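A.B. asks: The sequence isn't on hand, but the structure is:
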């Protein structure tokens, strides 16, 4: 069996309408690349990625046998297609290509961005209705996490949990104290990356002090030596290529360490993630795909949806999913959404107001504004309420945006603010 051709379909998904308002203010997750790999035997394999692989990478696969790519470390998207082909050729589901099946149902978490407390509560309600029992989100110092947590707990069904992602800290908060405060809420579930990744000693101490699981994502030595020091309760592999994930899965199994995969993508990525986690011995922590959860559109014929927080492992040969080509063709014609031009307006309880805007040089500005070095030290629990001021064409907006673009941020006391127009809370 030889690979003869690779069809590439670039598609644009749409955000779920109820959460598009906040999602559009973060890096775009709607652009996906679908690979349909053809062989001289008539079999086709499916893969998926965010960008498009370079031609020189595609050429490495053309003319090869899919079984040449066992443990692929060249491309996660094309490697997925290779495993789909291998499973179909052997007549077995993909998980059997990794080893024995350790679980028939794989835990999954929903994902969203940090935004205003009332909109966070809406996300919890929507995901609970979809069959999720966990929701992950990155904290932002532009929102008060206590206000968010209380709003979400009010609407969450019993047993629904939050996966707090601190994106390696970045604020002035005393982390042990903050984790202890959040742990008091019934909805709190686990804490990811509450410290810089290289601070293994800090993680060891924090794990001993925390009442809830600590999850480590960013490893100083690429999830190798540090694992045996037990710095966390569970571990995350983000966007790892297949061969690397297989090696790390063996290490996690040897140390009896729970872990999960976080491979951003839609339905094809979700299917591959489910197969891998079914076969990896200690992969019993909830995985995340992100795009699948925030999109209102699906491009496979029988989507893998959660039931009570779990997804059933497909038993058909290969990945067990098939493209809806009519939907793929339709999505290929959809124009990407333009990113809104807006400012972030934080109103502190003492009357002070902070005006800033996303830094085009820092795609993680909404969660790590300190990486831009244009703001003051910030906190996840500052007494503030945030609004998004969308470009309304007003002179006030233009004047303030000019100041923000010049200085990076504007901090005004109550007496200087006046009654500004054009602010919106997105409700």
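C.D. replies: Yep, that arrived. As the structure is a prediction and not an experimental result, all values here were calculated from the model.
A.B. asks: Please enumerate the helices of the protein.
C.D. replies: Along the chain, the stretches classed as helices by DSSP state H are 20-23, 55-61, 76-90, 117-129, 145-155, 175-183, 200-209, 242-254, 267-279, 291-294, 325-332, 395-407, 414-417.
A.B. asks: Tell me, how many residues neighbour residue 377?
C.D. replies: Look at residue 377: counted by other Cβ atoms under 10 Å, it has 10 neighbours. (Glycine included, C-beta is placed from N, CA and C.)
A.B. asks: how much space between it and residue 141?
C.D. replies: In this view, residue 377 and residue 141 are 9 Å apart by Cβ to Cβ, to the nearest Å.
A.B. asks: looking at it, residue 32 is touching residue 14, isn't it?
C.D. replies: No: Residue 32 is beyond contact range of residue 14, at 11.7 Å (criterion: Cβ atoms under 8 Å).
A.B. asks: Please work out which of the helices of the chain is packed deepest.
C.D. replies: helix 267-279 (a mean of 27; mean count of other Cβ atoms under 10 Å).
A.B. asks: same for that helix, what does it pack against?
C.D. replies: strand 44-49, helix 76-90, strand 105-107, helix 242-254, strand 259-262, helix 291-294 (3 or more Cβ pairs under 8 Å, 6 or more residues apart in numbering; DSSP states H and E).
A.B. asks: what comes into contact with stretch 96-106?
C.D. replies: With contacts defined as Cβ atoms under 8 Å, 6 or more residues apart in numbering, stretch 96-106 is touched by 70, 83, 86-87, 90, 95, 246, 273-281, 283-284, 287, 310-313.
A.B. asks: Now render the helices of the chain as CSV, adding mean pLDDT and distance to residue 364.
C.D. replies: Conversion of the helices of the chain to CSV gives the following (pLDDT from 0 to 100; distance: least, Cβ to Cβ, whole Å):
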stretch, mean pLDDT, distance to residue 364
helix 20-23, 96, 15
helix 55-61, 97, 26
helix 76-90, 98, 21
helix 117-129, 98, 19
helix 145-155, 98, 17
helix 175-183, 98, 19
helix 200-209, 97, 21
helix 242-254, 96, 23
helix 267-279, 98, 21
helix 291-294, 92, 17
helix 325-332, 97, 27
helix 395-407, 97, 18
helix 414-417, 63, 29
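A.B. asks: And those helices: which comes nearest residue 229?
C.D. replies: Nearest to residue 229 among these is helix 200-209 (6.0 Å), distances taken as Cβ to Cβ.
A.B. asks: For residue 32 and residue 14, indicate the residue with more neighbours.
C.D. replies: residue 32 (26 against 14).
A.B. asks: re the thing from before, I'd like the helices and strands packed on helix 267-279 as CSV, with distance to residue 177 appended.
C.D. replies: Below are the helices and strands packed on helix 267-279 laid out as CSV (distance: least, Cβ to Cβ, whole Å):
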stretch, distance to residue 177
strand 44-49, 41
helix 76-90, 38
strand 105-107, 30
helix 242-254, 30
strand 259-262, 27
helix 291-294, 31
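A.B. asks: Pull up the overlap in contacts between residue 377 and residue 141.
C.D. replies: The contact sets of residue 377 and residue 141 overlap at residue 171 (Cβ under 8 Å, 6+ apart).
A.B. asks: which one of the helices of the chain lies closest to residue 381?
C.D. replies: helix 145-155 (5.6 Å).
A.B. asks: what is the orientation angle of that closest one with helix 175-183?
C.D. replies: 20 degrees (axes from the mean of the first three to the mean of the last three Cα atoms, to 10 degrees).
A.B. asks: Which of the helices and strands packed on helix 267-279 sits closest to residue 164?
C.D. replies: strand 259-262 (14.6 Å).
A.B. asks: and that closest one, how far out from the chain's middle?
C.D. replies: Offset of strand 259-262 from its chain centre (Cα atoms, centre = their mean, to the nearest Å): 11 Å.
A.B. asks: Name the surrounding residues that touch it.
C.D. replies: Under the criterion Cβ under 8 Å, 6+ apart, residues 107, 217, 234-240, 245, 248-249, 252, 273, 276-277, 280, 282-283, 285-290 lie in contact with strand 259-262.
A.B. asks: Only the buried subset of those residues, as a PyMOL command please.
C.D. replies: Per 16 or more other Cβ atoms under 10 Å, the buried members of the contacts of strand 259-262 correspond to this PyMOL selection:
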select buried, resi 107+217+234+235+236+237+240+245+248+249+252+273+276+277+280+282+283+285+286+287+288+289+290
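A.B. asks: Do a quick rundown of the strands in the stretch 251-400 of the chain.
C.D. replies: Per DSSP state E, counting those that start in this stretch, the stretch 251-400 of the chain carries strands over the ranges 259-262, 310-312, 342-348, 353-356, 384-390.
A.B. asks: if you average pLDDT over the first one, what comes out?
C.D. replies: Averaging pLDDT along strand 259-262 gives 96.
A.B. asks: For the remainder of this discussion, apply numbering that starts at 58.
C.D. replies: Noted, 58 is the first residue going forward, which turns the last one into strand 316-319.
A.B. asks: Quickly list the domain ranges of this protein.
C.D. replies: Following automatic domain parsing, one finds the domains of the chain at 60-150, 162-372, 399-474.
A.B. asks: Any idea which of these gets closest to residue 388?
C.D. replies: That would be domain 60-150 among the domains of the chain, by Cβ to Cβ, at 3.7 Å.
A.B. asks: Any idea how far apart the tips of the closest one sit?
C.D. replies: End-to-end distance for domain 60-150, by Cα to Cα, to the nearest Å: 20 Å.
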